[in-house]
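**Student:** need coordinates for the below:
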Amino acid sequence: MEYLQLFDEKGIKLDEKIARDNKKEIKLGKYFMIVLIIIENDNHEFLMQVTSEEKGHELALTGGHVQYGSDGITTCIKEVKEELGLDLKKEEILSLGLIKGKAVLVSVYYIKKNVDTSNLILQNSEVESVRWVSTEEIEALINDGSLRNTNVPAFEKLNEFKAKQELLNK
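**Tutor:** Take a look at the predicted model:
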């Protein structure tokens, strides 16, 4: 049985776990966490995956649940390795913060990296294919509802981050 790590509303790890199958039964004030990873190349394109048939066959970011005993950054590295076969170093990863839902915290991570998609080793049970998607295409996917709805706030977090960076660079 897979157990998920529980956190408080600020993302601080609690010494508690819950079976993944029971995550909808979490008590008020406690949260499980998922990570979403945004990988952007130098052409301002985003690495997106088409999920496997059993995962809904939809365009989505790489991500996953934080298992008991783990944390967001470790899960980020693990999920990218498992789903894409890509090795990451902690120094390459920037945390964009948390998005709080009813019983879930979404921890969003950003990586600026050029990746040759032909060298990726995809986890077939989760990922059918990957492709680079332009900023304009992401906006269109959001507007027409084609992007996995849980991924939309992650791109909003990225836009907030980039807007702050622009202000700092003026």
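**Student:** biggest helix in this structure by residues?
**Tutor:** The helix that spans the most residues within the chain, counting by DSSP state H, is helix 152-168.
**Student:** so what secondary structure elements neighbour that helix?
**Tutor:** Helix 152-168 sits against strand 32-40, strand 93-100, strand 104-112, helix 135-144, with contacts defined as 3 or more Cβ pairs under 8 Å, 6 or more residues apart in numbering; DSSP states H and E. Yep, even glycine has a C-beta here, placed from its N, CA and C like the rest.
**Student:** what sits against the closest residue to residue 53 other than its chain neighbours?
**Tutor:** For residue 53, ignoring the flanking residues on the chain, the nearest one in space by Cβ to Cβ, 6 or more residues apart in numbering is residue 128 at 7.3 Å. The contact partners of residue 128, taken as Cβ atoms under 8 Å, 6 or more residues apart in numbering, are 49, 50, 51, 52, 53, 57, 122.
**Student:** returning to what we had before: and the helices and strands packed on helix 152-168: which comes nearest residue 68?
**Tutor:** Taking Cβ to Cβ as the criterion, strand 32-40 is the member of the helices and strands packed on helix 152-168 that comes nearest to residue 68, at 9.8 Å.
**Student:** where does the residue nearest to residue 53 fall, secondary structure wise?
**Tutor:** Taking DSSP states H and E as the definition, residue 128 sits inside strand 127-134.
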